[in-house]
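Chemist: I'll drop the sequence and a predicted model, then ask my questions.
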Amino acid sequence: MLDGGKFDYPRYSGPNGALAKKLGVAGSYSPAVMPEIAYSHLPPGRYTLICMLANNNHTPTGVEAKQTIVVR
């Protein structure tokens, strides 16, 4: 999820955001079926990206990693 899900929509997270919309979780997080995700159209600023490991039913396992990124 990027900034609490604020950018987890198709416009910003592409196919992952489209999957989020289909699953009804758009705006919460972007599920990934591959070990990567790309965000685009982000305005300049500082963001917090949280990567969470989830079960097949999308419930969190409690394992996560955080990274701050800056878009200029």
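Modeler: Thanks, I have the structure now. Only a predicted model underlies this, so the values are computations on that prediction, with no experimental measurement involved. Numbers count the residues shown, from 1 in each chain.

Chemist: Doesn't Gly62 lie inside a strand?
Modeler: Yes. The assignment for Gly62 is a strand, going by DSSP: H, G, I helix; E, B strand; the rest coil.

Chemist: Can you name the residues that contact Pro43?
Modeler: Listed by C-beta atoms under 8 Å, 6 or more residues apart in numbering, the contact set of Pro43 reads Val71. For glycine as for every other residue, the C-beta is placed from the backbone atoms N, C-alpha and C.

Chemist: Surely it forms part of a strand?
Modeler: No. Using three-state DSSP, the assignment for Pro43 is coil, not a strand.

Chemist: so how far is stretch 52-69 off the chain centroid?
Modeler: Computed by C-alpha atoms, centre = their mean, to the nearest Å, the chain-centroid distance of stretch 52-69 equals 10 Å.

Chemist: can you give me the end-to-end distance of it?
Modeler: End-to-end distance for stretch 52-69: 17 Å, by C-alpha to C-alpha, to the nearest Å.

Chemist: Report the buried residues of that stretch.
Modeler: For stretch 52-69, the neighbour count (16 or more other C-beta atoms under 10 Å) marks no residue as buried.

Chemist: Now it: average pLDDT?
Modeler: Mean pLDDT, stretch 52-69: 91.
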